[in-house]
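[1] Sequence and computational prediction follow.
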Amino acid sequence: MKGLKNLQGGSVQKVAATPDLLLEAFRELDLNVWDDLVVALALSLMFVFLLRCREALGPVDPEMCLRVGNFIVAAKGEQLPVAAYGQADELVLLQGKSKADQQAMGHMANAFRADHPLCPVPLFQRAAWLNPAHFTDADRYLLTKANGKVLSRDEVAKRLRCAGERCGVPRAALSVISLRSGGASAMFHEGYSAEEIKRRGRWASDCWRTYV
């Protein structure tokens, strides 16, 4: 019925976030302010690692929401202490099992440092420089704001929609899922295989194709 409604001109279809749209959202963020930096991290990590909303944002799902301990910051393949994050050239994400993980072995993905504002590695480095104590508790939810609350999906959606309006995208066409679909679309257009996209996005079926 939802598909039929869309064919008949129903609700506006959600669109994938592009790197340009994310850069527009970054323009309103002061990366020297912790809460703004948390938003930047959310945008980057959800796009690069194809994260689902409940894996990053509030309302918190204690079993799914990523914590500080889910991330390893490394240089030349070796894990770094917080004090040495400035030397990092790689960020590794470790997650628990998912529906695409038939062997229940968990999931690992990484991102190497790149000279690009959306790269999560320098954002992690800046966060550790700005608030090193945040990274000393492995059980702390990663995207925790200064008031102790986890960044909410509504806050991230608002940032995306405001940036989208300035880029000519209807507000209703953007939501938090636009980050996951945007990351998948970027991989698709860069020539990654279906299996690589499914593995990174933890999809068990070919439903990822609807995102790109």
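    Structure received.
[2] quick one: what helix or strand has the residue nearest to the spatial centre of the chain in it?
    Taking C-alpha atoms, centre = their mean as the criterion, M46 is the residue nearest the geometric centre of the chain, at 1.1 Å. Counting by DSSP states H and E, the element that carries M46 is helix 34-48.
[3] Give the next helix or strand downstream of that helix.
    For helix 34-48, the succeeding helix or strand toward the C-terminus, using DSSP H and E, is strand 71-75.
[4] how about that next one: buried residues?
    By neighbour count, with 16 or more other C-beta atoms under 10 Å as the criterion, the buried positions of strand 71-75 are 71-74. Bear in mind the C-beta positions are built from the backbone N, C-alpha and C, glycine included.
[5] can you list these in JSON lines and add pLDDT and distance to D36?
    Listed next are the buried residues of strand 71-75 as JSON lines, based on pLDDT from 0 to 100; distance: C-beta to C-beta, whole Å:
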{"residue": "F71", "pLDDT": "97", "distance to D36": "20"}
{"residue": "I72", "pLDDT": "97", "distance to D36": "25"}
{"residue": "V73", "pLDDT": "98", "distance to D36": "21"}
{"residue": "A74", "pLDDT": "98", "distance to D36": "26"}
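[6] just these now: which is nearest D89?
    Proximity to D89 was ranked across the buried residues of strand 71-75 by C-beta to C-beta; first place goes to A74, at 7.3 Å.
[7] and the closest residue to the closest one other than its chain neighbours, how far is that from K14?
    With C-beta to C-beta, 6 or more residues apart in numbering as the measure, E90 is the residue that lies nearest to A74, at 4.5 Å, once sequence neighbours are left out. Look at E90 and K14: by C-beta to C-beta, to the nearest Å, they are 31 Å apart.
[8] With D115 instead?
    Distance check for D115 against K14: by C-beta to C-beta, it reads 30 Å.
[9] Tell me which of the two has more neighbours.
    For D115 versus K14, neighbours defined as other C-beta atoms under 10 Å are more numerous around K14 (15 against 6).
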